[in-house]
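K.L.:
Predicted model and sequence follow; I will ask about them next.
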Amino acid sequence: MSISDRYLAIILDELVGNALKFSQSGTAIKISSQVVAGMLNVSVHDFRWGMTEEQISKIGAFMQFERKTYEQQGTGMGLKLVQKIVERCAGQFSISSVYHHETTVHIGMARLKSRNTCDLSSLQLLT
């Protein structure tokens, strides 16, 4: 199953937007991608806040962490949306992080053009 350009754009917008939002102004973010055996692998890496293992395990719709300490704009839907799209398209989603230092979000999914694209018409974020 492959992902459409539209949903790939949503994923990249959310991941890059989060990386920019959660990095200190003037700090670089790193975006890397490669296609191996028909699989698109993308990583977005930011250098600042980092997340705990507990926070990573609690990623969900409307979830924001340490909001009292760090001003955050947005709804807290971004990572959950990405995770759900990737999973619905039979892809892989993971986060590696060092608390208060850095976070990398990895996705891997089929990128071959085919008629068999994943159906996201009934995507539910609250489950």
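P.N.:
Sure thing, it's come through. Numbers count the residues shown, from 1 in each chain.

K.L.:
can we go C-alpha only for contacts and neighbour counts from here?
P.N.:
Noted.

K.L.:
next SSE after the lowest-mean-pLDDT helix or strand in the chain?
P.N.:
Scoring the helices and strands of the chain by mean pLDDT, DSSP states H and E places helix 53-57 at the bottom, with a mean of 80. Next helix or strand after helix 53-57 toward the C-terminus (DSSP states H and E): helix 78-88.

K.L.:
same for that next one, what does it pack against?
P.N.:
Packed against helix 78-88 by the contact rule (3 or more Cα pairs under 8 Å, 6 or more residues apart in numbering; DSSP states H and E) you find helix 5-21, strand 92-98, strand 102-110.

K.L.:
what distance separates the least confident helix or strand of the chain from the centre of its chain?
P.N.:
14 Å (Cα atoms, centre = their mean, to the nearest Å).

K.L.:
Buried residues of it, list them for me.
P.N.:
Ile56 (16 or more other Cα atoms under 10 Å).

K.L.:
go on, stretch 31-38?
P.N.:
Buried-residue list, stretch 31-38, by 16+ other Cα under 10 Å: Ile31.
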